[in-house]
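Visitor: Turn this into a structure:
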Amino acid sequence: METVEKTMSVLMSNHVRVDSDSRVTKPKRPMDVPPAFIEAVFTRLQDQYKEPGTELNYETPFQLLIAAILSTQSTEREVNALMPSFLAKYPSMEAIANAPRGQLEYALKMIGFYRQKAKYIQETSRILIEKYHGGLPDNLTELTQLPGVARKIASLYLAEIHGIAEGIVVDTQVHRVANRLGLSAGKSATKVEQDLMKIVPERMWIELPQQFIAHGRKVCHIQRPACRHCPLNDLCPSATS
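Guide: Reported below is the predicted structural model:
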């Protein structure tokens, strides 16, 4: 594998913190990733993004779960803009469960797929009341059995509320950053997660995808990534400058 060497002047101009005697190799293909590479990526992004976390606003675990369901095919900004007025009308699990479906749909109309999402959050609320007596499951298996709760949502919920890592959250940002770093060539979120779980230490399963999400939004854009200002510039196989 090619040894990564760039002059310290270039590294300093890009604000990249690297010891002068460091030697980290770029992966040539997924799974051909040395532990030192993962550690370097994690450490630099940890320095860059102190408290990545979810950008969804919530006050209770149930609010986070509902917001996460609503965020599918929508942005966090759209959901955050919607939630205050929605919660004013439907402040509880019981209120959502008992509301006329048409009214729920109308309250969600500003986001995409609002009819399907109204169905999901109402059915999920009813199951939580009937089966869990108003509580929420704390494991991936039971969470993903709730309507509208895909594996990504369940993993996000468990990480944010319980600090539990049963999987790795893979959204479009994580998918893109992982592909560009050579950590996976997967074309689906499922394949990317499988690849990452094989090479990323479990202690990083919560924070690393949060870092990737923040990095994808701020630096590693889908078009015209800001490679010159990227703290991973000298490590990334896809860096353009």
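
Visitor: Only C-alpha atoms from now on, for both contacts and neighbour counts.
Guide: Will do.

Visitor: Could you report the pLDDT at the spatially closest residue to Gln48 that is not a sequence neighbour?
Guide: Nearest residue to Gln48, sequence neighbours excluded (C-alpha to C-alpha, 6 or more residues apart in numbering): Pro231, at 7.9 Å. pLDDT recorded at Pro231 is 95.

Visitor: Pro231 and Val149, how far apart?
Guide: According to C-alpha to C-alpha, to the nearest Å, Pro231 stands 34 Å off from Val149.

Visitor: do Gly112 as well
Guide: Counting by C-alpha to C-alpha - Gly112 and Val149 are separated by 16 Å.

Visitor: Show me what counts as buried in the helix ranked longest in the chain.
Guide: Using DSSP state H, we find that the single longest helix of the chain is helix 114-132. Buried positions in helix 114-132, judged by neighbour count with 16 or more other C-alpha atoms under 10 Å: 114-115, 117-129.

Visitor: got the contact list for it?
Guide: Helix 114-132 is contacted by residues 66, 69-70, 93-94, 96-98, 101, 104-105, 108-109, 134-136, 146-148 when judged by C-alpha atoms under 8 Å, 6 or more residues apart in numbering.

Visitor: if you set the cut-off to 6 Å instead, what comes out?
Guide: Here helix 114-132 makes contact (C-alpha atoms under 6 Å, 6 or more residues apart in numbering) with Met93, Ile96, Ala97, Leu104, Glu105, Leu108, Gly134, Leu146, Pro147, Gly148.

Visitor: that older thread, which single one of the buried residues of helix 114-132 is nearest to Ala154?
Guide: Ranked by distance to Ala154 (C-alpha to C-alpha), the buried residues of helix 114-132 are led by Thr124 at 12.9 Å.

Visitor: show me where the chain has helices.
Guide: Along the chain, counting by DSSP H, helices occupy 8-13, 35-48, 61-70, 76-89, 93-98, 101-107, 114-132, 140-143, 151-157, 172-180, 189-199, 207-218.

Visitor: I'd like the contacts of helix 114-132 laid out as a markdown table, including pLDDT, distance to Met83 and neighbour count.
Guide: Converted to a markdown table, the contacts of helix 114-132 look like this (pLDDT from 0 to 100; distance: C-alpha to C-alpha, whole Å; neighbours: other C-alpha atoms under 10 Å):
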| residue | pLDDT | distance to Met83 | neighbour count |
| --- | --- | --- | --- |
| Met93 | 97 | 14 | 20 |
| Ile96 | 98 | 13 | 23 |
| Ala97 | 98 | 17 | 21 |
| Leu104 | 97 | 12 | 23 |
| Glu105 | 97 | 14 | 18 |
| Leu108 | 97 | 9 | 20 |
| Gly134 | 97 | 20 | 15 |
| Leu146 | 98 | 20 | 18 |
| Pro147 | 98 | 19 | 17 |
| Gly148 | 97 | 17 | 24 |
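
Visitor: closest to Ala36 among the residues you listed?
Guide: Once C-alpha to C-alpha is applied, the member of these that ends up nearest Ala36 is Gly148, at 37.7 Å.

Visitor: Quick check: closest non-adjacent residue to the closest one.
Guide: Tyr120 is the one closest to Gly148 (C-alpha to C-alpha, 6+ apart), at 5.2 Å.

Visitor: wait, Ile213 sits on Gln173?
Guide: Yes - checked against C-alpha atoms under 6 Å, the pair Ile213 and Gln173 is within contact range at 5.0 Å.
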